[in-house]
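J.: Dropping the sequence and predicted coords here.
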Number of protein chains: 4
Amino acid sequence: MYQVRTDLALEAREKFEEDNVEIKGVKLETENVPGDICITRVVIETENGAKAMGKPRGTYVTLEAPNMIEEDDDYHREISVQLAKVIRQLLPEQREEASVLVVGLGNREVTPDALGPNVVDNIMITRHIIKEFGKYALGNENMRKISGIVPGVMAQTGMESEEIIKGVVEETKPDCVIVVDALAARSTKRLNRTIQITDTGINPGSGVGNHRHAINKESMGIPVIAIGIPTVVDAATIVTDTMSDLITAMAESSRLKGLGGSLETLDEMEKYELIRELLSPHLNAFFVTPKDIDEAMKRLSYTISEGLNMTFSGKQA
Amino acid sequence: MYQVRTDLALEAREKFEEDNVEIKGVKLETENVPGDICITRVVIETENGAKAMGKPRGTYVTLEAPNMIEEDDDYHREISVQLAKVIRQLLPEQREEASVLVVGLGNREVTPDALGPNVVDNIMITRHIIKEFGKYALGNENMRKISGIVPGVMAQTGMESEEIIKGVVEETKPDCVIVVDALAARSTKRLNRTIQITDTGINPGSGVGNHRHAINKESMGIPVIAIGIPTVVDAATIVTDTMSDLITAMAESSRLKGLGGSLETLDEMEKYELIRELLSPHLNAFFVTPKDIDEAMKRLSYTISEGLNMTFSGKQA
Amino acid sequence: MYQVRTDLALEAREKFEEDNVEIKGVKLETENVPGDICITRVVIETENGAKAMGKPRGTYVTLEAPNMIEEDDDYHREISVQLAKVIRQLLPEQREEASVLVVGLGNREVTPDALGPNVVDNIMITRHIIKEFGKYALGNENMRKISGIVPGVMAQTGMESEEIIKGVVEETKPDCVIVVDALAARSTKRLNRTIQITDTGINPGSGVGNHRHAINKESMGIPVIAIGIPTVVDAATIVTDTMSDLITAMAESSRLKGLGGSLETLDEMEKYELIRELLSPHLNAFFVTPKDIDEAMKRLSYTISEGLNMTFSGKQA
Amino acid sequence: MYQVRTDLALEAREKFEEDNVEIKGVKLETENVPGDICITRVVIETENGAKAMGKPRGTYVTLEAPNMIEEDDDYHREISVQLAKVIRQLLPEQREEASVLVVGLGNREVTPDALGPNVVDNIMITRHIIKEFGKYALGNENMRKISGIVPGVMAQTGMESEEIIKGVVEETKPDCVIVVDALAARSTKRLNRTIQITDTGINPGSGVGNHRHAINKESMGIPVIAIGIPTVVDAATIVTDTMSDLITAMAESSRLKGLGGSLETLDEMEKYELIRELLSPHLNAFFVTPKDIDEAMKRLSYTISEGLNMTFSGKQA
């Protein structure tokens, strides 16, 4: 119930490292690229790995850039270029005139959940132009046919995002879907500093929590790439995590040792029992986000939309 | 090309009266209800009538209220009550647990075109609640299953609104669609003072002009009711109309008779030729709207959403 | 640094009750009115009381309504009526043609901080009409001269809200200022369920944290009434509070007694030391808010603006 | 009453050329710069010139770029660079640590009137940072102290924009004000293709029409530079102009000569009389704007804010 929740495969994997547990079926590669950007590639190869990680099999690439929240146009351009590279690697082989539907998940009216809608607002939409005037109409024959939609959240539509997207996919037949969504991290330190790109789509429990049905290759019938940035931490997660640190510190600290009694005898399970008793259950309905989330959203949505525009136009390869 | 354009069946019919032409196959009834509201019912009964009117066969009801733009909550409530009555008459027979998809057409970013999106923002969305918790969950067992969507315009999505709606209809299977859209009138005098409700849906050329494919019973496979308020006049229409008045005045006025020469000999066709020569063709890309359109939109979208909420909840019958 | 922060005088007072401390110079009255609304009046009468409470001398009235977040128009109307009554009691004696400047503090772009801007959007603005056409122009000679402004936050303007408001007050000379702002509570349980009205204005540290200079009778030279609803809890506060509960529980619980060692010997000061060591300092830059904050903001801002419109028009007394 | 209205000095001057009238006291220089940008400098030197032009004495610089509405980032950058050059020439001599208040006039809720607010949204605001941390805090010691405000329109505030700005200027004491506003042109052909920069500020009748008091050096006590883009044509202007063309055509055209009778005997005055009789007076409350005004606003506001950011940071000179 109050389990530590993260949408980042990277954080899910770190959890195991903390606990000194080995996981089979999960590969990890890290690379540093210019611009102080760290690219991590987590590949979940087996069903066992998927079970352990709590995430479906597939590839999860993370771009981490400590200065991602700075107001520096040139720096953001570098991130967009790296992002475009990663997306191209995950995109299915590109036949000519391939078409892509970009979906902006989330709630435009809740600032940290507006990432998806804001990104779609800045995507170069071309499907209707190419369809009517042909592929030379845009002066760039490499330009893909791009369509976009912001389905809204269930409280606004009464429908699952998955239902709306599936209907649109069946009617307009794109070759591929790219879903952009705000994510939840485990730690505030990753908020607004990390982009995750995965070929597994969006799966139950992702995002700020308003869309519950999977949006992936299985449900859509075509490849689904998901791009996300963690913008919130669940309130239950942040409290649980800090309380867990407190119990550990009380058990370990020499100064607190006398006070903490035999706390060190508590195992993980008992620690969570203890926390659960105290944690107000309605905390589940709350999230934690930075006070300057409006400025972060403005910059980050632009960084992603530029990365997508580069990908689709074949520029800046 | 620069023909006088109106989305209002009422105005299309008036045109014939002006020209003293009789139209067969078109019935007209007028009724005054409390609150200084005039209800007009235009029924196009035959294909000939449809051709003459330039609108498909069906029923077009107009609510006209001169004070519709006033800031008076009680008065707006009266209009909402009348609107709910009209919608109920046009809705298909209501079996229990009927479900309705409300579509807000138009562009949220262009003030006079934002009527549809603004209305959907204030609709009580219930489909997901009734689906999960049953029809007693809302404390009103007459409440219908309501879903809503704001598809966006083609420049934003690359898709026809019709494609998006059709996909959503096929996936979520509502019993009926209600489409809300901003309309174009022929005269500025009707702007923001008239609501048209029709069982013919939305047909090419309606609205401010960004969605061209029909959204009606034929294309959707279920009944489609369209609700609209004229919020703009095409720039070409307003200029054409005033110029036409000028030529007529010059031909008729005793003072201008000498000046106007044999203008009275011009027939309608020649008048339009004359105007077309002078009218800048790019005027087609412009619209005319009131300076206080933001306040009108706020009030009118609320009036329609209240009317719809009354309809769906079975209250205020 | 990580002290428990609340903008609610009610919560500041409760803290003393918890700790069984008496406070002199602070009076408390509670009244229940129809609609399950609880009205509490905290009056800080002395400088000692002010120091103990951490809030300036003056009157703080709280309306608490457990169903304030429900979607029920009639119920919200009742709250608006009670709110209007309270505001009238705090407003300075009303000479004829008194004028009021309503200020919407906070950041329109951050959902839980947009309360003030949203309220001002729905206030009936009359100053310019009465100034130009006289007091009979609006058909209600009791209508006050109302002006409104949304100054924005410092990151958007580079100026303190106080500077902007002071400039506007000196130039337009209203008789009184009403400031509306989102507040921070200590507990998530009060969020979106409580309205605080005070004649002490806004004082450093209030709101989500972006305006630091006092906006009160002293700085403005005219009476300043502040109306607020808690919409966020500081992240540091929620974590501190839950950790404090954990330590207390470990010290008291019979099951945990063995584990907790001599935790009961820790006094408040030591408890906070312990927490401070573990609490990440950057947590100060984060807030906690409900996931459905968009819907709450829509309803609550309407409830306050209706209360103000009733107050100013002399209706619904 | 229905006089042809334009906020562009360039158009005011062209009117005289059409009528073959000479104007003393008005100088005109034109220059073409790379990027197909035409820079025109109109200097009104005398009171007589001011009377003839209907605009105060001062310098009016116009940047015209036919492709200004295209979606081309690099091209917009070129315009921003030229704009920065022009602003620097008009700015008062720059002493160190000069401070500038940027004002976004207009109505955020009416798309073509939102230019000013949108520009201020993207200005780098620095005053509060430099004031608190000194001029090296931003890593650019040439950076000016920039503050910004969006005062709103009279229907929203009950106050003249001039009152609000004057109050803020007196309280925060900037060295100079830059006002950004949407303008009205005489012809649709100039909409969204022209930037006017003037050292005369904003004077009665400018903009879409909601702020009537002058915002200039005289009222503010410090230099005021105004930057504007025409985004609307008054509905009365567009109709008057086309009707005037019609009368002229009927008088001149050989084919129409017989029809037009002695129309050529009408002088300008009589032509306007004729038009005024036919023109609906309420047309004054309407404006004409392009259907894709949302996209134009997005691009143009970015072009201006980039030009201002370059100016203030001393970059890209």
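T.: Looks like it arrived, so ask away.

J.: What helix or strand is the spatially closest residue to A:Thr40 that is not a sequence neighbour located in?
T.: Distances taken as CB to CB, 6 or more residues apart in numbering or on different chains place A:Thr62 nearest to A:Thr40, at 4.5 Å, with adjacent residues excluded. C-beta here means a position set from N, CA and C on the backbone, and glycine is covered the same way. For A:Thr62, the host element (DSSP states H and E) is strand A:58-64.

J.: List the contacts of that strand.
T.: Here strand A:58-64 makes contact (CB atoms under 8 Å, 6 or more residues apart in numbering or on different chains) with A:8-10, A:37-44, A:79, A:82-83, A:86, A:89-90, A:190, A:193-200.

J.: Which strands border that strand, and is each parallel or antiparallel?
T.: In the sheet, strand A:58-64 lines up against strand A:37-44 (antiparallel), strand A:194-198 (antiparallel) (DSSP bridges).

J.: Mind putting the ones you listed into CSV with distance to A:Ile165, mean neighbour count and mean pLDDT?
T.: As requested, the strands paired with strand A:58-64 are exported to CSV (distance: least, CB to CB, whole Å; neighbours: other CB atoms under 10 Å in any protein chain shown; pLDDT from 0 to 100):
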stretch, distance to A:Ile165, mean neighbour count, mean pLDDT
strand A:37-44, 24, 20, 95
strand A:194-198, 17, 25, 97
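
J.: At the contact with chain C, which residues of the stretch 51-200 of chain A appear?
T.: A:Asn107, A:Glu109, A:Val110, A:Thr111, A:Ala155, A:Thr188, A:Lys189 (CB under 8 Å from any CB of the partner chain).

J.: if you set the cut-off to 6 Å instead, what comes out?
T.: Proximity of the stretch 51-200 of chain A to chain C is confined to A:Glu109, A:Val110, A:Thr111, A:Thr188 under the rule CB under 6 Å from any CB of the partner chain.

J.: And these, which is closest to A:Pro151?
T.: Set against A:Pro151, the nearest of these by CB to CB is A:Glu109 (13.9 Å).

J.: Report the secondary structure state of the closest one.
T.: At A:Glu109 the chain is in coil, as set by DSSP: H, G, I helix; E, B strand; the rest coil.

J.: Please verify my assumption that it contacts C:Asp294.
T.: Yes. Between A:Glu109 and C:Asp294 there is a contact at 3.7 Å, judged by CB atoms under 6 Å.

J.: A:Asp72 and A:Pro112, how far apart?
T.: 22 Å (CB to CB, to the nearest Å).

J.: residue boundaries of the strands in chain A?
T.: In chain A, the strands defined using DSSP state E lie at A:26-33, A:37-44, A:58-64, A:99-104, A:145-149, A:176-185, A:194-198, A:224-234, A:286-290.

J.: Including distance to C:Thr231, could these go into a markdown table?
T.: Below are these laid out as a markdown table (distance: least, CB to CB, whole Å):
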| stretch | distance to C:Thr231 |
| --- | --- |
| strand A:26-33 | 40 |
| strand A:37-44 | 36 |
| strand A:58-64 | 32 |
| strand A:99-104 | 25 |
| strand A:145-149 | 30 |
| strand A:176-185 | 19 |
| strand A:194-198 | 27 |
| strand A:224-234 | 16 |
| strand A:286-290 | 11 |
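
J.: ok, back up a step: if you count what's nearby, which of A:Asp72 and A:Pro112 comes out ahead?
T.: A:Pro112 (28 against 13; other CB atoms under 10 Å in any protein chain shown).

J.: What's the separation between that one and chain D?
T.: Going from A:Pro112 to chain D by CB to the nearest CB, to the nearest Å gives 19 Å.

J.: can you tell me which residues contact that residue?
T.: Each residue near A:Pro112 by CB atoms under 6 Å, 6 or more residues apart in numbering or on different chains is listed here: A:Ala182, A:Thr231, A:Val232, A:Thr289, A:Ile293.

J.: Nearest spatial neighbour of it, chain-adjacent residues omitted?
T.: Leaving aside its sequence neighbours, A:Pro112 sits nearest to A:Thr231 (CB to CB, 6+ apart; 3.9 Å).

J.: What distance do you get for the one you found to chain B?
T.: According to CB to the nearest CB, A:Thr231 and chain B sit 22 Å apart.

J.: if we can go back for a sec, would you list the strands paired with strand A:58-64 in JSON lines and tack on distance to D:Val168?
T.: Output for the strands paired with strand A:58-64, formatted as JSON lines (distance: least, CB to CB, whole Å):
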{"stretch": "strand A:37-44", "distance to D:Val168": "42"}
{"stretch": "strand A:194-198", "distance to D:Val168": "39"}
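
J.: is it true that the residue nearest to A:Pro112 touches A:Asp181?
T.: No. A:Thr231 lies out of contact with A:Asp181 (CB under 6 Å); the separation is 9.7 Å.

J.: which stretches of the stretch 51-200 of chain A have low pLDDT?
T.: Applying pLDDT under 70 to the stretch 51-200 of chain A picks out residues A:94-97.

J.: How about the contacts made by the residue of the stretch 51-200 of chain A found nearest chain C?
T.: At 3.7 Å from chain C, A:Glu109 is the closest residue in the stretch 51-200 of chain A, using CB to the nearest CB. Residues near A:Glu109 by CB under 6 Å, 6+ apart: C:Asp294.

J.: Next up, phi/psi of it, please.
T.: phi -90, psi -10 (degrees, to the nearest 10).

J.: Which of the strands of chain A sits closest to D:Lys315?
T.: Nearest of those (CB to CB): strand A:37-44, 24.7 Å.

J.: hang on, isn't A:Pro174 packed against A:Ser99?
T.: Yes. With contact defined as CB under 6 Å, A:Pro174 counts as touching A:Ser99 (4.6 Å).

J.: Which one of these two is surrounded by more residues?
T.: Set side by side, A:Pro174 and A:Ser99 show more neighbours around A:Pro174, with 23 against 18, by other CB under 10 Å.

J.: Residues in a beta bridge with the residue nearest to that one when sequence neighbours are not counted, which ones?
T.: Nearest non-adjacent residue to A:Pro174, counting by CB to CB, 6+ apart: A:Leu101, 4.0 Å away. Residues in a beta bridge with A:Leu101, per DSSP bridges, are A:Ser147, A:Val177.
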